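Asker: this one's sequence-less:
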């Protein structure tokens, strides 16, 4: 689309000569002939160049204004399209973040509930039996090591 627009713009600039009016020369040492003269029908022009009627000059000016307005509208449209795309991506990212946070919170609650269940389900006799068994096993290992060293 950009290539088509740029091609049309280049073609229209080549097809329609532009009129420039300057107050001083653009390059030092070069003088520009910027005379504007009105001519009557059948009168000879006092200089060589392109002669434009007021209507043709107005048409060129309006064509250029229309091209500028078209490009401004195209730019505005592209800018709005990109802004909408950015807003959509931002909303998607926000919803995905919220989804991951919800999943994380759900898993955290599940882990806490399982921990609470594991702590509460242990019978009262398990802790004393575990301590006594650990003491007996430790004493047995110590005696057997001492016996094995003395032999």
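Answerer: Structure's in. What do you need? Note that this is a predicted model, so its numbers are computed, not measured.

Asker: count of neighbours near residue 102?
Answerer: 10 (other CB atoms under 10 Å). Bear in mind the C-beta positions are built from the backbone N, C-alpha and C, glycine included.

Asker: what are the phi and psi values for it?
Answerer: The phi and psi values for residue 102, taken as degrees, to the nearest 10, are phi -60, psi -40.

Asker: which SS state does residue 124 fall under?
Answerer: Secondary structure assignment for residue 124 (DSSP: H, G, I helix; E, B strand; the rest coil): coil.

Asker: Model confidence for it, exactly?
Answerer: Per-residue confidence (pLDDT) for residue 124: 72.

Asker: residue contacts, it?
Answerer: Contact analysis of residue 124 by CB atoms under 8 Å, 6 or more residues apart in numbering lists nothing.

Asker: in the protein, which spans are helices?
Answerer: Using DSSP state H, the helices of the chain run over 2-15, 54-121, 126-150.

Asker: Mind giving me the packing neighbours of the second one?
Answerer: Counting by 3 or more CB pairs under 8 Å, 6 or more residues apart in numbering; DSSP states H and E, the packing neighbours recorded for helix 54-121 are helix 2-15.

Asker: average pLDDT across the helix it packs on?
Answerer: Per-residue pLDDT over helix 2-15 has a mean of 64.

Asker: Rebuild the helices of the chain as CSV, extending it with distance to residue 42.
Answerer: Below are the helices of the chain laid out as CSV (distance: least, CB to CB, whole Å):
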stretch, distance to residue 42
helix 2-15, 28
helix 54-121, 18
helix 126-150, 122
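
Asker: Can you say which of these is nearest to residue 30?
Answerer: helix 2-15 (22.4 Å; CB to CB).

Asker: Point to the helix or strand of this protein where mean pLDDT is at its lowest.
Answerer: Within the chain, no helix or strand scores below helix 2-15, which has a mean of 64 by mean pLDDT, DSSP states H and E.

Asker: tell me the centre residue of this protein?
Answerer: residue 86 (5.7 Å; CA atoms, centre = their mean).

Asker: No more questions from me, cheers.
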